[in-house]
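Q: sequence unavailable; structure follows:
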DNA sequence: GGCTTAATGTAATAATGTTGCATTTAAAAT
DNA sequence: ATTTTAAATGCAACATTATTACATTAAGCC
């Protein structure tokens, strides 16, 4: 049901306050299937009263990202809600280059392979970022 | 030796002119082991005469990236020279989170694995971006 | 050397992101 | 319920990154 409720609960349990701006940002992100920039989020907010301050939105997004409630998608510069469970693994994305829709995934195999390769280059891997670009089913027109 | 010569040759062979600004940007990138932003490149340029215009630098970087002579590193927002041969495969990076040094690599295995996973999500993968973060040998103090 | 077109310079502006300080408010304590 | 207070937000100013339109310059051709 209300996955938003879960997120709010999570915030509270970590000692963060549940505020109207945080709820609003959460709702906007939850409704979007594509990454949104801070300013896009600002425009998407309910027009009742004043819009949220952009600074506030940035701070909320930083908080959400630090808690893994949301992620920043580097290839598009936007933010998305996290759709995976707390279960470990680095969160990765595949994005449709045509419609911009996005799916999140994780893979222990990829992490291990990347760690091995980079270890051979002298690095100790800690975090794995990957964003795959391609075409989604819809944008291939069902064909191919 | 002068790998810069090779890059200039490559530009000429593709019908692009070899100009002073392009040589300068190439040299600055070549000398850096870390990603540089357009404005950092501007500051790094020889102080003889006027500095390069930032717009020009952006245009040169866009050209280099489109030809795979350089790459944009998303996790840091900077640009690096490409160190791999034209041999195919998507170019990936491992970056030291402490000193910022960077190594480029490619892996057919990773591409295949990512394509398989994202295909199961309904996507046809075309481009694979990955940036691994960790600690380089130096920054681990040789230990561990 | 002159010609032609690609490349660069200039100016203005948009988009994104950050900092310091004043004000407000969620939630705990009374 | 009221008070308290630390956390969160608002506000103003500003830094960085990036793009566009149009004028000027120069690389590489004859």
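A: Good, I have the coordinates. This one's a predicted model, so the numbers in the text were calculated from it and none came from an experiment.
Q: next one: residue A:33 from residue A:138, what distance?
A: Distance, residue A:33 to residue A:138, by CB to CB, to the nearest Å: 11 Å. All C-beta spots, glycine's among them, are computed from the backbone N, C-alpha and C.
Q: how about the helices in chain A?
A: With DSSP state H, the ranges of helices along chain A come out as A:3-13, A:20-31, A:38-44, A:54-66, A:108-120.
Q: switch these over to JSON lines; also include mean pLDDT and mean neighbour count.
A: Formatted as JSON lines, the helices of chain A follow (pLDDT from 0 to 100; neighbours: other CB atoms under 10 Å in any protein chain shown):
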{"stretch": "helix A:3-13", "mean pLDDT": "91", "mean neighbour count": "13"}
{"stretch": "helix A:20-31", "mean pLDDT": "96", "mean neighbour count": "18"}
{"stretch": "helix A:38-44", "mean pLDDT": "96", "mean neighbour count": "16"}
{"stretch": "helix A:54-66", "mean pLDDT": "98", "mean neighbour count": "16"}
{"stretch": "helix A:108-120", "mean pLDDT": "97", "mean neighbour count": "16"}
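Q: tabulate the ones you listed in JSON lines, adding columns for distance to chain B.
A: Formatted as JSON lines, the helices of chain A follow (distance: least, CB to the nearest CB, whole Å):
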{"stretch": "helix A:3-13", "distance to chain B": "20"}
{"stretch": "helix A:20-31", "distance to chain B": "20"}
{"stretch": "helix A:38-44", "distance to chain B": "16"}
{"stretch": "helix A:54-66", "distance to chain B": "13"}
{"stretch": "helix A:108-120", "distance to chain B": "4"}
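Q: closest one to residue B:129 among those?
A: Closest of those to residue B:129 is helix A:108-120, at 12.5 Å (criterion: CB to CB).
Q: ok, and what's touching the closest one?
A: A:89-90, A:92, A:125, A:128, A:130, B:94, B:103, B:105, B:107, B:109-110, B:113-114, B:117, B:130, B:132, B:134 (CB atoms under 8 Å, 6 or more residues apart in numbering or on different chains).
Q: and if we set it to 10 Å?
A: The contact list for helix A:108-120 (CB atoms under 10 Å, 6 or more residues apart in numbering or on different chains) reads A:88-90, A:92, A:107, A:123-130, B:92-95, B:103, B:105-107, B:109-110, B:113-114, B:116-117, B:130-134, B:136.
Q: longest strand in chain A, by residue count?
A: Ranked by residue count under DSSP state E, the longest strand found in chain A is strand A:124-135.
Q: check which helices and strands that one is in contact with.
A: Judged by 3 or more CB pairs under 10 Å, 6 or more residues apart in numbering or on different chains; DSSP states H and E, the packing partners of strand A:124-135 are strand A:70-73, strand A:92-96, strand A:102-105, helix A:108-120, strand B:92-96, helix B:108-120, strand B:124-135.
Q: apply 6 Å and report the result again.
A: Packing partners of strand A:124-135 (3 or more CB pairs under 6 Å, 6 or more residues apart in numbering or on different chains; DSSP states H and E): strand A:92-96, helix A:108-120, strand B:124-135.
Q: thank you, goodbye.
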